[in-house]
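Participant: 3D model of this:
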Amino acid sequence: MALKDLGVIGEASTEELEELRRDTEDITWWNEHAHEFEAKYRGKYLTVINKEVLIGDSYDEVYEQAKSKYPNEEPFIDHIPYKKEILIL
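Facilitator: Residues are numbered from 1 along each chain as shown. Now for the predicted structure:
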């Protein structure tokens with residue numbers, strides 16, 4: 001998806017492009033390891049920054065870990081449920 005599709009007007013800065021590249025790499029890495037995370041971290045909260053997994057028992061715990069170690073990053077934190085959840089719409 002192009003940056004213009006995301007509502008960015010004008011040229012992206014070098015820093016913005018680097019952040020987008022890192023985020024894309026982390027998302028790709030996360031997706032490649034999703035089954036492993038589901039099996040290993042049930043009931044936990046986690047985030048991936050620079051292909052490093054940070055794990056905790058609460059959202060706040062993981063957020064604090066992430067901001068302490070990577071203060072300039074905004075972590076995407078997910079909860080791995082104990083059981084697979086199915087949503088019926």
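
Participant: give me the longest helix you can find in the chain.
Facilitator: Selection of the longest helix in the chain by residue count, based on DSSP state H, yields helix 14-32.

Participant: and that helix, what's its mean pLDDT?
Facilitator: Averaging pLDDT along helix 14-32 gives 87.

Participant: can you tell me the centre-most residue of the chain?
Facilitator: With distances taken as CA atoms, centre = their mean, the residue of the chain nearest its centroid is F76 (3.7 Å).

Participant: got the contact list for that residue?
Facilitator: Neighbour list for F76: T47, V48 [criterion: CB atoms under 8 Å, 6 or more residues apart in numbering]. To be clear about C-beta, it is placed using only N, CA and C from the backbone, and glycine gets the same treatment.

Participant: that one falls within a strand, correct?
Facilitator: No: the assignment for F76 (DSSP: H, G, I helix; E, B strand; the rest coil) gives coil, which keeps it out of a strand.

Participant: look up how far V48 lies from it.
Facilitator: Here F76 is placed at a distance of 8 Å from V48 (CB to CB, to the nearest Å).

Participant: repeat that for Y41.
Facilitator: 11 Å.

Participant: surely P75 meets V62?
Facilitator: Yes: using CB atoms under 8 Å, P75 is in contact with V62, at 7.0 Å.

Participant: pull up the overlap in contacts between those two.
Facilitator: With CB under 8 Å, 6+ apart, P75 and V62 have common neighbours T47, L54.
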